[in-house]
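everything below, folded, please.
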Amino acid sequence: MEAELTATAHCGVHRYTFTTGGRNRILIDLGHTLGGKNRCNSAFADLVAPTHVSGGANYMIRYSVGKNSYNVFFDAAFSRPADGWGVWINDESKPNCARLNAQGDHVSCGIYLEFASE
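Sure, this is the predicted structure:
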């Protein structure tokens, strides 16, 4: 897989190109942050269409003074439709589920999409 990434203070842009055969999978992990210092309180994601997923999460800031949480949102578009998808919450995987709604202290969760090779 080839990955191209860029970011600003408030936005990140990713582009992935699969270069090998077989099943290809994109995982959007909403339960973890860079450095692992902040905890996910809640997260949501919706497979709007097989080529479009959006969602967001709320994270508790550890060791902060003042504001103690923040929200992050995402919107992802794909050049071809996914032919499989699902979500996970903690240790439970839910194949074919197109909606994630997770609540809890330090919840581990996300949504995944699968693509067949061209």
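
contact partners for N71?
The contact partners of N71, taken as Cβ atoms under 8 Å, 6 or more residues apart in numbering, are G56, A57, N58, Y59. Every C-beta, even on glycine, is put in place using the N, C-alpha and C of the backbone.

from those, keep the buried residues only.
A57, N58, Y59 (16 or more other Cβ atoms under 10 Å).

okay, and the beta partners of the second one?
Taking DSSP bridges as the rule, N58 bridges to S42, N71.

who touches it in this structure?
For N58, the contact set (Cβ under 8 Å, 6+ apart) comprises C40, N41, S42, A43, S69, Y70, N71.

tell me the one of the buried ones among the contacts of N71 nearest I111?
The shortest approach to I111 among the buried ones among the contacts of N71 belongs to A57, at 11.1 Å (Cβ to Cβ).

N38 is in contact with the closest one, correct?
No. Using Cβ atoms under 8 Å, A57 is not in contact with N38; the gap is 10.1 Å.

now the element after the helix-or-strand element of the chain with minimal mean pLDDT, going C-ward?
Between all helices and strands in the chain, the lowest mean by mean pLDDT, DSSP states H and E belongs to strand 12-17, at a mean of 90. The first helix or strand that comes after strand 12-17 along the chain, using DSSP states H and E, is strand 23-29.
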